[in-house]
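Sharing a model that was predicted from the sequence below.
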Amino acid sequence: MLIIGITGSIGMGKTTIAKILNFCKIPIFDADEEVKKILENNLSIKNKIKRKWPKCIYLQNNIEIIDKKKLGKIIFSNKTEKEKLEKIIHPIVNKKRDNFIIEKKKEKFRLVGLDIPLLYETKTNQICDYILLASASQKTQKKRVLKRAEMTIDKFHKINKTQLSDYFKRKQKPIIISTDFGKIITFFSVIFYLILINLKLRIKK
């Protein structure tokens with residue numbers, strides 16, 4: 001089984017690439033979705049966050065809820081606070097990722113995808129056979145991100161600063177998927193590289 005890492009800075013088109021792989025019946029581990037589930041359902045994590053950032057917790061129908069907006073403002077404004085949160089959440093996400101890989105290997109899948117924004121930052125690139133890097137011009141990136149609900153230019157810059165630059169990621173020699181030219185071109189670019197990966201997989205056999 002081969003592992004394909006899918007990554008890219010905010011607004012670069014990473015999610016589009018992951019959806020294309022999923023359309024091709026390749027199972028995808030979505031790190032962002034797993035973080036969301038952890039924040040919503042993991043009581044142990046809620047308690048740890050409550051102890052460190054009590055103002056990020058509110059009651060709704062007598063249930064404690066994490067205010068992700070407040071938490072986001074804190075971690076994207078302070079590197080130390082961001083690292084504290086990562087130490088709490090990343091071990092759980094990593095365990096879920098490893099379980100996903102084991103499960104899909106047992107199910108005899110030939111390819112799986114890991115949709116992870118911080119792929120290089122978390123060293124997850126080291127377990128990948130191939131990496132698809134979503135990349136676009138700064139103009140396109142900014143235009144896409146600012147269309148998002150409740151996104152501001154200040155928030156965009158803060159998030160961008162927490163991620164390794166597109167230049168750095170390109171230097172790691174991944175398979176670069178340019179998403180500047182729309183979803184149709186992106187689709188055929190991804191399919192082209194999937195064909196090459198499948199051919200290499202057959203040759204290895």
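Received it, and whenever you're ready, just let me know what you need.

residue ranges with poor pLDDT in the chain?
Where the chain drops to pLDDT under 70, the residues are 203-205.

What segments of the protein are helices?
Assigned by DSSP state H, the chain shows helices spanning 14-23, 31-41, 43-52, 68-75, 79-106, 138-145, 153-162, 166-171, 183-204.

What are the contacting residues of the fourth one?
If you take CB atoms under 8 Å, 6 or more residues apart in numbering as the criterion, helix 68-75 is touched by Leu39, Ile49, Trp53, Lys55, Cys56, Glu81, Lys82, Leu85, Glu150, Thr162. All C-beta spots, glycine's among them, are computed from the backbone N, C-alpha and C.

could you redo the helices of the chain as JSON lines and give each row mean neighbour count?
JSON lines is the format used below for the helices of the chain (neighbours: other CB atoms under 10 Å):
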{"stretch": "helix 14-23", "mean neighbour count": "20"}
{"stretch": "helix 31-41", "mean neighbour count": "16"}
{"stretch": "helix 43-52", "mean neighbour count": "14"}
{"stretch": "helix 68-75", "mean neighbour count": "15"}
{"stretch": "helix 79-106", "mean neighbour count": "14"}
{"stretch": "helix 138-145", "mean neighbour count": "16"}
{"stretch": "helix 153-162", "mean neighbour count": "15"}
{"stretch": "helix 166-171", "mean neighbour count": "14"}
{"stretch": "helix 183-204", "mean neighbour count": "14"}
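
can you tell which of those is closest to Tyr130?
Proximity of the helices of the chain to Tyr130 was assessed by CB to CB; the nearest stretch is helix 183-204, lying at 5.9 Å.

how close does Lys19 get to Ile28?
Here the criterion is CB to CB, to the nearest Å. By it, Lys19 lies 8 Å from Ile28.

now Ile197
As it turns out, when the distance is counted by CB to CB, Ile197 lies 15 Å from Ile28.

And for Phe188?
Distance, Phe188 to Ile28, by CB to CB: 19 Å.

now do Leu111
Taken as CB to CB, the span from Leu111 to Ile28 is 10 Å.

Mind checking which of these two has more residues around it?
For Leu111 against Ile28, the residue with the higher neighbour count under other CB atoms under 10 Å is Leu111, and the figures read 20 against 17.

so who does the more buried one touch?
Contacts for Leu111 were tallied using CB under 8 Å, 6+ apart; they are Met1, Leu2, Ile4, Leu21, Ile26, Leu194, Ile197, Asn198, Leu201.

Looking at those residues, which is nearest Gln172?
Out of the contacts of Leu111, the one with the shortest distance to Gln172 is Ile4. That distance is 14.7 Å, counting by CB to CB.

Mind listing the residues bridging to the closest one?
Applying DSSP bridges to Ile4 gives these bridge partners: Gly113, Tyr130.

Surely it and Val112 touch.
Yes - in terms of CB atoms under 8 Å, Ile4 counts as a neighbour of Val112; the distance is 7.0 Å.

Could you pull out the residues contacting both of these two?
Here Ile4 and Val112 have Ile26 as joint contacts, going by CB under 8 Å, 6+ apart.
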